[in-house]
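1. A structural model of the following input is requested.
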Amino acid sequence: GRIQGRFLRFTDLLFGCAVLGCIGTGCMPESRETDAERAVRATITLSDMAVSSKSVEVNTMNEVSLLVFDQDGLAEKCIIYDGGKDIEIDLISGRTYSFYALAGFGYPVFAENISEMDELTYHMETPMEAMTSEVFCGRVQGIEISEDRSVNIPMKRLTAKISVEMDRSRLDEKVSLEITGVSIGNCPRLARVFEKSR
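-> Numbering: from 1, shown residues only. Next up is the predicted model:
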């Protein structure tokens, strides 16, 4: 898969930056902390969307890109981590944030402004990706952080897995039937992640 538009593709885990590291010019320097704007801790949890809880398994999410935008829409943090666990991050008390999470893209995702997320697309390049990819996305917007708290991001599946079951109970005992192939047509390989797609 690949990102189209104004997105940067990073390799080698963002040029050697440590996992759980902060990336980009919008990251919070220590000098921004004051008595009125003290650092508070947010614990980020990824969870199933209730409507699709049967199809989404949080434990299968890997290489999560977590993007945090401040109230002005500027990137505050971009963190890459294993989606099978919660993550704690430091933010500024009294500010409002939006949280975006993407998993299974196969590479880190970065944006400088929240407006870029509207143009974010996922493109499936090969048929094999349809069999192996488990791509997830989720967001929560306008969350005011005034004290240490948990932030839950409901995740939904961007790509679907389809299983085929065949009922042979009405066949005669001497009749054998074997499925040699299944094809599904008119499926787009490209989809917007957070905006409507056909």
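2. Could you check how far the residue of the chain positioned farthest from its centre is from residue 180?
-> Most distant from the centre of the chain: residue 174, at 49.5 Å, with distances by Cα atoms, centre = their mean. As for residue 174, its distance to residue 180 is 20 Å (criterion: Cβ to Cβ, to the nearest Å). Using the backbone N, CA and C atoms, a C-beta is placed for each residue, glycine as well.
3. Thought residue 67 was touching residue 100, still the case?
-> Yes: counting by Cβ atoms under 8 Å, residue 67 is a contact partner of residue 100 at 4.4 Å.
4. quick one: common contacting residues for those two?
-> Common contacts of residue 100 and residue 67, defined by Cβ atoms under 8 Å, 6 or more residues apart in numbering, comprise residue 117.
5. still on that earlier bit, pLDDT score for the residue farthest from the centre of the chain?
-> You'll see residue 174 listed with a pLDDT of 85.
6. Residue 25 too?
-> Predicted confidence (pLDDT) for residue 25: 37.
7. Residue 119 too?
-> 87.
8. next one: phi and psi at it?
-> Note on residue 119: backbone dihedrals following degrees, to the nearest 10 are phi -100, psi 0.
9. Low-confidence stretches in this structure?
-> 1-36, 49-60, 125-133, 161, 198 (pLDDT under 70).
10. I'd like to know how far the spatially most central residue of it sits from residue 181.
-> Geometric centre of the chain, nearest residue: residue 102, 1.3 Å, by Cα atoms, centre = their mean. From residue 102 across to residue 181, the span is 32 Å (Cβ to Cβ).
11. any idea how far the residue farthest from the centre of the chain is from residue 167?
-> Residue 174 is 17 Å from residue 167, by Cβ to Cβ.
12. Likewise for residue 100?
-> 42 Å.
13. same deal with residue 191?
-> 32 Å.
14. Of these two, which one has the most company?
-> Applying other Cβ atoms under 10 Å to residue 191 and residue 167 shows that residue 191 carries more neighbours, namely 19 against 6.
15. returning to that earlier point: so the residue farthest from the centre of the chain sits in a helix?
-> No: Residue 174 sits outside any helix when classified using DSSP: H, G, I helix; E, B strand; the rest coil, being coil.
16. That'll do, ta.
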